[in-house]
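Enquirer: Give the three-dimensional model of this entry:
(chains A and B)
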Amino acid sequence: MRTRRCLSALLLVTVAGCAAAPAGSTAPPTPQAEPPRVATTTLPPSVAAPAASQVVPRRPALAVLPDGTRMPVDVAGTTPAGALRVPDDVTRAGWWRGGSRLGDGFGSVVLAAHVDSRTQGLGPAASLLGAAPGDVLLLVAGRHRQRFVVVSVTRVARDRLRERVDLFSARGPLRLVFLTCGGPFDPLRGYRDNVVVVARRTG
Amino acid sequence: MTTLPAAQAQPPTAAAVSTTTYVVQGVPAVDVDISIDGALVQSGVAAKEVVPLDDLPAGIHEIELSTDDWSVGTEFEAGSSQDVVLHWPADAADEPVVTTFANAVGPVSSGEGRLTVAHTAVVPPADITANGDTLFTNIANGEFVSAEVPADTYSVAVVPTGGGDPLLGPVDLPIADGSLTRVFAIGAPRDGSMDAVVQVLPLGSTGAAPTSVDTGSAGLVDPAGPPTDVPVALLVALGVTLAGALALRRRLVRH
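Expert: The predicted model follows:
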């Protein structure tokens, strides 16, 4: 195979009338490309495009609660200890950056907002304590709009939230999990519970 | 059912300007010589082989791919991670084409993998099904689709858009947590050469689940709020999924 390629290369050089390397010169041992057996067709650069049907997932930028209140949504990471960094402003919700986005097929879109604060009083999230199955929340990200229908509104002790791995799981169809606080309040330790609203995607 | 073996490629290096390019030989039944910027990189590359080019300087490069019968050359841009794929176009042709696919190597949610499927085969637009459900539709030659899915093994098939027997598969495709799994559908039905190249790259994670959510400091709401979640929490502790737990709780409440 290699001999045949060398002979073909010599033939090409001869036909083209190019001078061969002068006898006695030392060819450097670099990995120079051998001339291809046929002329090379130059193709225009071609970069793949996503299919037209491709949905680009986007993190939510706005949440509309069942009572119509609109809450801007910020990105929320976690502290090294694992606490979700919820926006201080009670009128804004945080979206957990490790969770799902609008347009993803699976997992939880996790939002959280303060139910109240000493400086601002009650926040919009307080209305979620009275939400019921069947209520609708809307999440918006640019042209992405997705409705979610409430399936449950329950309380979980805050110090046991970490056991609810299902709330933050990537498994199962896309759903909304909205967290705030409620239950008995202690001035030193804060609220005892998280209020958890779970809503399934609809429409 | 057969399982598609994955070609394990080198992970991208951590240096600021280094790039990783993978040349994917997607033309069945030939051995190809690959040159980059005039220098021979590898000769006799068989179909389905993936040749990694580590630390190619960022920017435009020339690639030439040759056999005894044809030789094609083009330019591609080396960014952080890309696949340069030699493949036949959608219709019969004398020479293959070269398409560059940029790899999305950003972090992925914990428990998930990113699946990308590229259409580089001699077939019309096609759909991708996973476990019998249509995951993507109407993908043409030279296009790709991408989704982040729970880590699992999926039965994946390529079917003609609009219906018909599978063009490829179904085959079992494992999607690992924290991975980018890239599938290139190659070949042509007319000579039975339909096949897939599977390449797996590591990805970072967007972070572990929160352990606490502290969302209130004024004590203004009624402490007798929504029902406490005790039955569901117990069911979850027994390993039941949330959907299963809710279904069980509805049945318990009715009785």
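Enquirer: in chain A, which spans are helices?
Expert: With helices called from DSSP state H, chain A shows them at A:2-16.
Enquirer: Please enumerate the strands of it.
Expert: Applying DSSP state E to chain A gives strands spanning A:41-42, A:49-50, A:62-64, A:70-76, A:93-96, A:108-112, A:116-117, A:121-122, A:136-141, A:144-157, A:175-186, A:190-202.
Enquirer: Quick one, which of those strands gets closest to B:Phe101.
Expert: Of all the strands of chain A, it is strand A:49-50 that lies closest to B:Phe101, at 9.8 Å by Cβ to Cβ. All C-beta spots, glycine's among them, are computed from the backbone N, C-alpha and C.
Enquirer: which residues touch the closest one?
Expert: Outside strand A:49-50, the residues that touch it by Cβ atoms under 8 Å, 6 or more residues apart in numbering or on different chains are A:56, B:142-146.
Enquirer: residues contacting B:His154?
Expert: Wrong residue type there; residue B:154 is Tyr, not His. Contacts of B:Tyr154 by Cβ under 8 Å, 6+ apart are B:130-131, B:172-173, B:175.
Enquirer: Show me how to select, in ChimeraX, the buried members of those residues.
Expert: Selection of buried members from those for ChimeraX, criterion 16 or more other Cβ atoms under 10 Å in any protein chain shown:
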select /B:130,173,175
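Enquirer: Quickly check the contacts of B:Tyr154 for the two that are furthest apart.
Expert: Using Cβ to Cβ, the contacts of B:Tyr154 reach their maximum pairwise distance at B:Asn131 and B:Ile175, which is 11.7 Å.
Enquirer: Can you flag the buried ones in the contacts of strand A:49-50?
Expert: Among the contacts of strand A:49-50, those scoring as buried are B:142-146 (criterion: 16+ other Cβ under 10 Å).
Enquirer: Can you lay out these as a markdown table showing secondary structure and pLDDT?
Expert: Listed next are these as a markdown table, based on DSSP: H, G, I helix; E, B strand; the rest coil; pLDDT from 0 to 100:
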| residue | secondary structure | pLDDT |
| --- | --- | --- |
| B:Gly142 | coil | 97 |
| B:Glu143 | strand | 97 |
| B:Phe144 | strand | 97 |
| B:Val145 | strand | 96 |
| B:Ser146 | strand | 96 |
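Enquirer: so which of those residues also contact chain A?
Expert: Near chain A, judged by Cβ under 8 Å from any Cβ of the partner chain, the entries from the buried ones among the contacts of strand A:49-50 are B:142-146.
Enquirer: Can you pull out the low-pLDDT segments for the stretch 101-250 of chain B?
Expert: Residues of the stretch 101-250 of chain B meeting the criterion pLDDT under 70: B:229-250.
Enquirer: now the helices for it?
Expert: B:230-237, B:242-254 (DSSP state H, counting those that start in this stretch).
Enquirer: Might one say that B:Val45 is in contact with B:Asp33?
Expert: Yes - counting by Cβ atoms under 8 Å, B:Asp33 is a contact partner of B:Val45 at 7.3 Å.
Enquirer: one step back: which two among the contacts of strand A:49-50 are spaced furthest apart?
Expert: With distances taken as Cβ to Cβ, the most widely separated pair in the contacts of strand A:49-50 is A:Val56 and B:Gly142, at 18.6 Å.
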